[in-house]
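>>> Generate coordinates for the sequence data below:
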Amino acid sequence: MRIVQIIDSLEIGGAERMAVNYANELSQKIEFSGLVATRGEGKLLNQVNENVSYLFLDKKSSFDLKAVFRLKHYIKKNKVEIIHAHSSSFFIAVLVKFIYPQIKIVWHDHFGPRIGQSKKENRALIFLSIFFTSIFVVNKQLKEWSEKYMNCKKVVFIPNFIQENQSVEQETVLKGTQGKRIVFLANLKNPKNHLIVLEAFFELKLFDLDWSLHLIGKDYFDLYSQNLKEFIKFNDLYDHVHLYGVRNDVKFILKQASVGILASTFEGFPVTLIEYGDAELGVISTNVGFCSEIIKNKETGLLFNPLNKQELLAQLKIITESETLRTNLSVNLKKSVVSNYQAAQVVEKIILEYSKIEK
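Purely as a prediction, here's the structure:
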């Protein structure tokens, strides 16, 4: 079995992390596992295993024919049988298929907001889906969307997973008091909904109880980011809310926190939640996408409607007031992550799906 994962960049993000995870895990299980970044590299490059065949295309435009032919040459040279294209990288995969028809394409949809989009907004994707052999999706709503609109009838739900036995870098030391740190792992952009968390943190006056809030994720230095920083400045939260930007040592960071929060208005399958669970954090999560499947309210975490600040206020108050509750939730979530979202189970399923395509 000879498979290549294709992704636009190796910047830190959910789809990007999963492309790397798949390439790494498959490299131990199949004959050839490759990874191609089309437009940009990034911090995730450091997490690519040495036995993964890696190529950076440095694609300059959507119709960069030089990049298309380089990819075709790589695929032919390495006798690749299946392209596993993540998110928007489906386009270059289809262009390669035009000139190398025997290649099979699996498209992997990680984009939670798609369920709110129309057929018109996805015209190119839907038209080109006739060239897909299979579609993998990260939640049931995306499965229903693809089954309704796409020109590929083989649609399979594949949960995300976390890699096992990763080396843990230890670089970022969080500020604040041990046992009273809330971490929010998400790039600073829509639909991650950071402002509602800042407002809830401020309105509950959690800083008076020595709690601190730590935002980990890429800062795009745009209006979204500016609004967050203005809120922090206006409410004099500099000593209590900390922004760290993109970090490689996420496991080490999470081990320093007690509570993990996710507030997105749309999600696919957030790897963040299983990372929180693996780190044994008490979790407060939005109820969108696959989140309510990972987090069972009052069993493995606390859920809230991301458009309802009163729900977030109530759940944040509950989880910060009770160390016993945090411990119970974190233990239950850890068990669930170990049982359902470890690499071994998911990779076994994906290899089975690949084998069906080869036949």
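>>> quick one: the helices in the stretch 1-150 of the chain?
14-26, 65-77, 90-99, 123-128, 140-149 (DSSP state H, counting those that start in this stretch).
>>> Averaged pLDDT, the longest helix seen in the chain. What do you get?
The longest helix of the chain (DSSP state H) is helix 323-340. Across helix 323-340, pLDDT averages out at 96.
>>> one step back: and Gln163, which of the helices of the stretch 1-150 of the chain is closest to it?
helix 14-26 (5.2 Å; Cβ to Cβ). The C-beta positions use only the backbone N, C-alpha and C, and glycine is treated the same way.
>>> what's the closest one in contact with?
3, 5-10, 33-35, 42, 44, 47-49, 52, 84, 86-87, 108, 110-111, 160-163, 268-272, 343, 347, 350-351 (Cβ atoms under 8 Å, 6 or more residues apart in numbering).
>>> Report the buried members of the residues you listed.
Those of these that meet the buried threshold are 3, 5-10, 33-35, 44, 47-49, 52, 84, 86-87, 108, 110-111, 160-162, 268-272, 343, 347, 350, by 16 or more other Cβ atoms under 10 Å.
>>> Now do the residue of the chain positioned farthest from its centre, the pLDDT please.
In the chain, the residue that sits farthest from the middle, by Cα atoms, centre = their mean, is Asp208; the gap is 33.0 Å. pLDDT recorded at Asp208 is 97.
>>> for it, helix, strand, or coil?
helix (DSSP: H, G, I helix; E, B strand; the rest coil).
>>> Remind me what the longest helix of the chain packs against, helices and strands.
helix 271-278, strand 282-286, helix 309-321 (3 or more Cβ pairs under 8 Å, 6 or more residues apart in numbering; DSSP states H and E).
>>> Output the shortest one as CSV, restricted to C-alpha atoms.
In CSV, the C-alpha atoms belonging to strand 282-286 read as follows (Å, rounded to 0.1, in the frame of the first residue of the first chain):
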residue,chain,number,x,y,z
GLY,A,282,-11.3,19.7,33.1
VAL,A,283,-13.0,20.8,29.8
ILE,A,284,-15.6,23.3,28.9
SER,A,285,-16.6,23.0,25.2
THR,A,286,-18.9,24.4,22.6
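>>> Contacts for it, please.
193, 258-265, 267, 273, 276-277, 291-292, 294-295, 300-306, 312, 315-316, 319, 325-327, 329-330, 333.
>>> Buried only: go through those for me.
193, 258-265, 267, 273, 276-277, 291, 294-295, 300-304, 306, 312, 315-316, 319, 326, 329-330, 333.
>>> Just the pLDDT at the closest residue to Phe32 other than its chain neighbours, thanks.
The shortest distance from Phe32 to any non-neighbouring residue, by Cβ to Cβ, 6 or more residues apart in numbering, is to Arg2 (3.9 Å). Looking at Arg2, its pLDDT is 97.
>>> and if you look at Lys359?
Looking at Lys359, the pLDDT reads 60.
>>> Then Gln166?
65.
>>> got it, and Gln345?
The model's pLDDT for Gln345 equals 89.
>>> in a helix, that's where it is, yeah?
Yes: per three-state DSSP, Gln345 lies within a helix segment.
>>> which residues does it contact?
So Gln345 contacts Phe161 (Cβ under 8 Å, 6+ apart).
>>> For it, give its distance to Glu25.
Per Cβ to Cβ, to the nearest Å, Gln345 is found 11 Å from Glu25.
>>> For Leu195, give its distance to Glu81.
46 Å.
>>> need the contact list for the residue lying closest to Leu125 once chain neighbours are set aside.
Distances taken as Cβ to Cβ, 6+ apart place Phe90 nearest to Leu125, at 6.8 Å, with adjacent residues excluded. Residues in contact with Phe90 (Cβ under 8 Å, 6+ apart) are Ile105, Trp107, Leu125, Leu128, Phe132.
>>> Likewise for Val68?
Val68 touches Ile92, Leu95, Val96, Ile99, counting by Cβ under 8 Å, 6+ apart.
>>> By neighbour count, which of those residues wins?
Val96 (26 neighbours; other Cβ atoms under 10 Å).
>>> Just send the contacts of Val68 back as a markdown table, with distance to Lys356 too.
Output for the contacts of Val68, formatted as a markdown table (distance: Cβ to Cβ, whole Å):
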| residue | distance to Lys356 |
| --- | --- |
| Ile92 | 24 |
| Leu95 | 25 |
| Val96 | 22 |
| Ile99 | 25 |
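>>> now, which of these sits nearest Lys29?
Nearest to Lys29 among those, with distances taken as Cβ to Cβ, is Val96, at 24.3 Å.
>>> do you know how far Gln310 is from Ser322?
The value you get for Gln310 to Ser322, if Cβ to Cβ is used, is 19 Å.
>>> Which one of those two is surrounded by more residues?
Ser322 (13 against 10).
>>> Who has more neighbours out of Leu195 and Glu81?
Legend: neighbour count by other Cβ under 10 Å for Leu195 and Glu81, higher for Glu81 (19 against 14).
>>> Quick check: phi and psi at that one.
Backbone torsions of Glu81, given as degrees, to the nearest 10, read phi -100, psi -30.
>>> wouldn't it be in contact with Ile30 here?
No: assessed by Cβ atoms under 8 Å, Glu81 is found out of contact with Ile30, at 10.0 Å.
>>> which neighbours do these two share?
Met1, Arg2, Ile3.
>>> didn't the second one look like it was pressed against Tyr74?
No: assessed by Cβ under 8 Å, Arg2 is found out of contact with Tyr74, at 11.6 Å.
>>> which neighbours do those two share?
Common neighbours of Arg2 and Tyr74 (Cβ under 8 Å, 6+ apart) are Val80.
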